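Enquirer: next comes the sequence, and after it the predicted model I'd like to discuss.
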Amino acid sequence: MDRESLAGLAQRAQAGDVAAQRALLIELYSVVRKQAFFLLDSRASAEDVVQDMMLAIHRGLPSFRGESDLRTWAITIAIRTAYRQRRRDRRMVATEELPATAVFDVDQQAAAELVLLQKALTHLAPKKRDAFVLMGLFDLSAKDAARALGTFANTAASRYRHARAELEALLHEESGRASSRGRDGAALAPEFDEISEVGATHSKDHQP
Amino acid sequence: MTPPSSLDSLVETARAASVRTADAERHVAELDRWARREVVAPRPWWRAGLLVAAGALAAAAVLLWWGRATPQSPILPVGERVAVVAEHGTRFRVTVAAAGHTEILVEQGTVTARLWKGASPLSPAHSLVLRGGGVVATATGTVYSLSVGASGAAVRVHEGAVQVDPDPRIAVGAGPRPLQEAARLTAGHGWPAGAPARGVSSARRLLALAMPTIAPGAAPGEGARGDGRPVGAEAIDASGDAASDPAADAAVAASVDAAISAAVDAAGSRPAAQASGERTRPDAGDSRDARDARPEASAAGRDAGASPEPEASAMTLAERWRLARLRRGQGKFQEALRECLAIADTRDVTWAPIALAEAMRLTLGPLADPQHTLQLARRMRSAWPRHTLMIETRAIECRALKQLGRSAECAVLERGATP
């Protein structure tokens, strides 16, 4: 949904249109769900944080003044909620598996790529990861990303560049490993080996 | 398994990925339930406490503001046995201020008056009349209000009894609310029945004033002037003389009108003592001597006629003592003396002897009146013979005697005997 449609929905929702509010929340749910998928390392945390994100958006919607893009506003709320969840996660032993791709309406190949990107992101420092998710995946400008991250635009842009470079290096390295694995059949990177299982898991999760 | 794609293709995939609609709808429906539950969830008790506290604070602030916004009207003494409180916006005139009779004409608004009963056999009966709106309300010892407005007159009795009669000066049946027949009202009642109770707070303030204490059994010399006449009688005579002379009476009424109108207009900014001084002493040039020569005059006399502040009776003794010291510091020795004597009249165990001693210092020092000092010393000896301030009293008395050339009597004093 484009920016104008979202703004129209927001206005109607603020005027008390329940259907518009519902449609808006569904649209924003897609955004925050994806955000949780890429920002958090635990499936349970992602589930919790999506609840919190949506509640925060639901509460904040009446006070949204329309001065900024609604999607950017929702992303900002969501990332702050994700920060809080991360602080909670830091005090816990991470035993959970990564958030599942089952919620996405994608085919096996796309699901495998989502998991690949998700796993690659876990190798980044949190600040670089946040900057990459906001600017790379959600297409926020450096200024908006900086506002959401509570930093300067130059800093946000710098983090994004570093994150991108690290990810490219990581994928390049993995690509080389895959080639050599194709030659001798050895497993080189355990975290990336799981990707082959993603398609099967994804299909199994969506059995009616 | 295909080899990992480039970062750009992964990013494109991630951007294009959308959440399953059914999952989103289920989640949003659940969110609605959560939100509703949150709305009806009970608030923690401390929030209710905070609300109550905030409400109490707001109420207190409103009350304080209200109290400031409506300052109390001053208590105006009229003669020696009458004090009145006029509500804001009231127009009234004191038409008679004689020894045994006070009459006040209320033109508009509410006047609450208190008349003290005579506390001494020397005090004759005194009648207080509030006239206005076609009625005459007469009392012989009470607190009551007369209100005159567009709807006519209304009388409210707060203490004692009041006789309400039609005003003979006004034609029967005239006015917006004519009084058909005389009525006798007692405390808590009013005329006409069902009229709103006015002047209640003023009545409370008047009732809080000290009762007049013209001591019937005063010690020899106490309450007497150089001519030996009792102070009470002398005071009554003075007022009586003024009242008996029609020209003087008219002059008194005129001066009282001017003084009280000014006091009402200024809402207490002008000391009522000035007004009452003009009223009770038409020979104002001698007023200082008259006041100074009567240190044992009744408390009612001071409350009603000589208090330096309009609301001095409402002040605590400590505040009055501070006022006396302030007046002395300002060089207003007569006012300081009056305040000290008023405190002494209360016979308060703590403050009366202190104030009496201060009065002696004032009369002997700045006022240079050793005769008056001796009178005060005798009063001190009579009232507080065992007080520690008696040592200083004897010393002051001795100095006063020396100033009068009676040093021989000082030796008697030092031996502890009465000269």
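Expert: Alright, I've got the coordinates.

Enquirer: so what's B:Met380 scoring on pLDDT?
Expert: Confidence at B:Met380, expressed as pLDDT, is 90.

Enquirer: report the separation between it and chain A.
Expert: Look at B:Met380 and chain A: by C-beta to the nearest C-beta, to the nearest Å, they are 77 Å apart. Glycine gets a C-beta too; all of them are placed from N, C-alpha and C.

Enquirer: check which helix or strand covers that residue.
Expert: helix B:370-383 (DSSP states H and E).

Enquirer: and if you look at A:Ala13?
Expert: Using DSSP H and E, A:Ala13 falls within helix A:3-14.

Enquirer: who are the packing partners of that helix?
Expert: helix A:18-39, helix A:70-90 (3 or more C-beta pairs under 8 Å, 6 or more residues apart in numbering or on different chains; DSSP states H and E).

Enquirer: worst average pLDDT in these?
Expert: Across the helices and strands packed on helix A:3-14, helix A:70-90 gives the lowest mean pLDDT, at a mean of 83.

Enquirer: for it, packing partners?
Expert: Helix A:70-90 sits against helix A:3-14, helix A:18-39, helix A:43-60, helix A:142-149, with contacts defined as 3+ C-beta pairs under 8 Å, 6+ apart.

Enquirer: now those helices as CSV including distance to B:Ala137 and mean neighbour count?
Expert: As requested, these are exported to CSV (distance: least, C-beta to C-beta, whole Å; neighbours: other C-beta atoms under 10 Å in any protein chain shown):
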stretch, distance to B:Ala137, mean neighbour count
helix A:3-14, 67, 16
helix A:18-39, 71, 22
helix A:43-60, 67, 19
helix A:142-149, 78, 21
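
Enquirer: closest one to B:Leu413 among the ones you listed?
Expert: The minimum distance between B:Leu413 and these falls on helix A:43-60, with 89.4 Å, by C-beta to C-beta.

Enquirer: not counting residues beside it along the chain, what's closest to the spatially most central residue of chain A?
Expert: Centroid-nearest residue in chain A, with C-alpha atoms, centre = their mean: A:Gln35, separated by 2.4 Å. Leaving aside its chain neighbours, A:Gln35 sits nearest to A:Ala78 (5.0 Å; criterion: C-beta to C-beta, 6 or more residues apart in numbering or on different chains).

Enquirer: what's near enough to touch A:Leu28?
Expert: Listed by C-beta atoms under 8 Å, 6 or more residues apart in numbering or on different chains, the contact set of A:Leu28 reads A:Met54, A:Ile57, A:Leu70, A:Arg71, A:Ala74.

Enquirer: does the third one touch A:Ala7 like I think?
Expert: Yes - using C-beta atoms under 8 Å, A:Leu70 makes contact with A:Ala7 at a distance of 6.1 Å.

Enquirer: what is the burial count for the residue nearest to A:Gln35?
Expert: 27 (other C-beta atoms under 10 Å in any protein chain shown).

Enquirer: quick check: phi and psi on the closest residue to B:Leu207 other than its chain neighbours?
Expert: The shortest distance from B:Leu207 to any non-neighbouring residue, by C-beta to C-beta, 6+ apart, is to B:Val143 (5.8 Å). Backbone dihedrals for B:Val143, given as degrees, to the nearest 10, come out at phi -130, psi 120.

Enquirer: beta partners for B:Val143?
Expert: For B:Val143, the beta-bridge partners under DSSP bridges are B:Arg114, B:Glu159.

Enquirer: show me the contacts for it.
Expert: B:Thr112, B:Ala113, B:Arg114, B:Leu115, B:Val157, B:His158, B:Glu159, B:Gly160, B:Ala203, B:Leu206, B:Leu207.

Enquirer: please tell me how far the residue nearest to A:Gln35 sits from B:Arg33.
Expert: 21 Å (C-beta to C-beta, to the nearest Å).

Enquirer: tally of neighbours for the residue in the stretch 201-350 of chain B positioned nearest to chain A?
Expert: The nearest approach of the stretch 201-350 of chain B to chain A comes at B:Ser201, 48.2 Å away (C-beta to the nearest C-beta). When neighbours are counted by other C-beta under 10 Å, B:Ser201 registers 14.

Enquirer: and the closest residue to B:Ile343 other than its chain neighbours, what element?
Expert: Leaving aside its sequence neighbours, B:Ile343 sits nearest to B:Ala355 (C-beta to C-beta, 6+ apart; 3.6 Å). Here B:Ala355 sits within helix B:351-364, counting by DSSP H and E.

Enquirer: that helix versus helix B:370-383: what angle between them?
Expert: When axes from the mean of the first three to the mean of the last three C-alpha atoms, to 10 degrees is applied, the directions of helix B:351-364 and helix B:370-383 differ by 160 degrees.

Enquirer: just checking, what packs against helix B:351-364?
Expert: Partner elements for helix B:351-364 (3+ C-beta pairs under 8 Å, 6+ apart): helix B:317-329, helix B:333-345, helix B:370-383, helix B:390-403.

Enquirer: which residues sit against it?
Expert: So helix B:351-364 is contacted by B:295, B:317-318, B:320-321, B:324-325, B:328, B:333, B:336-337, B:339-346, B:369-370, B:372-373, B:376-377, B:379-380, B:383-384, B:387, B:389, B:392-393, B:396-397, B:399-400, B:403 (C-beta under 8 Å, 6+ apart).

Enquirer: please redo it, this time with the cut-off set to 7 Å
Expert: For helix B:351-364, the external contacting residues (C-beta atoms under 7 Å, 6 or more residues apart in numbering or on different chains) are B:317, B:321, B:324, B:328, B:333, B:336-337, B:340-341, B:343-344, B:346, B:369-370, B:372-373, B:376-377, B:379-380, B:384, B:387, B:389, B:392-393, B:396, B:399-400.

Enquirer: give me the buried entries from those residues.
Expert: B:317, B:321, B:324, B:328, B:333, B:336-337, B:340-341, B:343-344, B:346, B:369-370, B:372-373, B:376-377, B:379-380, B:384, B:387, B:389, B:393, B:396, B:399-400 (16 or more other C-beta atoms under 10 Å in any protein chain shown).

Enquirer: ok, back up a step: ok, the residue nearest to the centre of chain A to A:Val49 distance?
Expert: Taking C-beta to C-beta, one finds A:Gln35 at 9 Å from A:Val49.

Enquirer: anything in contact with each of these two?
Expert: The contact lists of A:Gln35 and A:Val49 share A:Ala82, where a contact means C-beta under 7 Å, 6+ apart.

Enquirer: pLDDT value on B:Asp292, please?
Expert: Predicted confidence (pLDDT) for B:Asp292: 36.

Enquirer: ok, now B:Glu278?
Expert: So B:Glu278 comes in at 36 (pLDDT).

Enquirer: cool, the one 10 residues further on as well?
Expert: pLDDT, the model's per-residue confidence, is 37 for B:Arg288.

Enquirer: list the residues that contact residue 138.
Expert: With no chain named, the answer covers chain A. A:Ile75.

Enquirer: that's the wrong chain, I meant chain B
Expert: Contacts of B:Thr138 (C-beta under 7 Å, 6+ apart): B:Ser127, B:Val129, B:Val162, B:Gln163.

Enquirer: how about a cut-off of 8 Å?
Expert: B:Ser127, B:Leu128, B:Val129, B:Val162, B:Gln163, B:Val164, B:Asp165.

Enquirer: and the last one, how many neighbours?
Expert: Here the number of neighbours of B:Asp165 (other C-beta under 10 Å) works out to 16.

Enquirer: quick one: secondary structure of it?
Expert: Using DSSP: H, G, I helix; E, B strand; the rest coil, the structure places B:Asp165 in strand.

Enquirer: alright, that wraps it up for me.
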